[in-house]
Structure formats: C-alpha cells, structure tokens
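1. only the shape, not the letters, is given here:
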C-alpha cells in the first residue's frame, strides 16, 4: 500500500525523453469503484493536466512514469467534474451516511497495483476504503 502523501508533489517523468513533464497534485477518486482513477498534474508539459490510471507506465516512491507527455491529457467527459479542485478528497470532512462527523481526510492509502482505496486517514483514526459511498463539495460520505 502507498499513501498519497508519499507521492504528492513528485515528478511525472516521460521515459522516452527522461524529462519531467509535470508534478503530482491530487488524486482523482471514483467513489463508485472506490479506486484512484487518475491524478491531477500541475505544471503539465502535456496537452492537459490529468493523468489517468491506465496511462501510467509506473508508480514508484520517487516518481510516476509515462511513456509520453501526451499521456497528460484533458479528462474524459465523465471525469471533468471529478478531476476539479472542488471534489478533492484531501482536507474534506467525512460524514457517515447518517450525518455523523468523523473528522477530515488527512491522507488516503491505496494499492499501487490497481488504485483501490484501502483507507481514508483521518487525524486520529482511519476509515476503511470499502466504506466509501460518495465524494461531494461538502463532504466525503461513508457507511456506518
């Protein structure tokens, strides 16, 4: 498992030119599949600022790699809203489906093999990623 904080700000490297083509800014999470489906990239040298999970060549502790800067693209229509800053998970409050506050997301942990969110890290506790129901502008909603 890897925490987003371990890769936040890391370079995205183009393996064909051995150059930095951007920096990791935020995870893009699909609450239905409970997976990281991509990353928002800042200072992108590609045609857009989103790196989809399927476009990754590699994900390591020092860098994310792609085989071309062209892999940094505009998000597909179904991810346009989800990839914006208004739906960032980090620092978002966490509520149960019954409206009980649990805290704020400090970090997320995910499986680097498939992007599955394994936990939402809060200040003094964690929430199993399998409990994730929804991500909105006001809060992240979990079962329980």
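-> It's in. It should be emphasised that the depicted structure is a prediction, and the values quoted were computed from it without experimental measurement. Numbers count the residues shown, from 1 in each chain.

2. okay, which residue is most central for this protein?
-> For the chain, the residue nearest the mean C-alpha position is residue 27 (1.4 Å; Cα atoms, centre = their mean).

3. and that residue, that's in a helix?
-> No - in this structure, residue 27 is strand, not part of a helix, as judged by DSSP: H, G, I helix; E, B strand; the rest coil.

4. residues contacting it?
-> 4, 36, 38, 39, 40, 89, 90, 108, 110 (Cβ atoms under 8 Å, 6 or more residues apart in numbering). All C-beta spots, glycine's among them, are computed from the backbone N, C-alpha and C.

5. over to residue 55?
-> 38, 66, 71, 72, 73.

6. tell me if I'm right that the last one and residue 44 touch.
-> Yep, that's residue 73 we're talking about. No - in this structure, residue 73 is not within contact of residue 44 by Cβ atoms under 8 Å, at 9.2 Å.

7. report the beta-bridge partners for the residue nearest to the centre of the chain.
-> When bridges are called by DSSP bridges, residue 27 pairs up with residue 39.

8. do residue 109 as well
-> residue 3, residue 119.

9. neighbours around it, how many?
-> Neighbour count for residue 109, taken as other Cβ atoms under 10 Å: 18.

10. which secondary element of this protein has the worst mean pLDDT?
-> The weakest-scoring helix or strand in the chain, judged by mean pLDDT, DSSP states H and E, is strand 72-73 (a mean of 92).

11. ok, the next helix-or-strand element following that one: who's next to it in the sheet?
-> Sequence order places strand 93-96 as the next helix or strand after strand 72-73, per DSSP states H and E. Strand 93-96 pairs in its sheet with strand 101-104 (antiparallel), strand 139-142 (parallel), by DSSP bridges.
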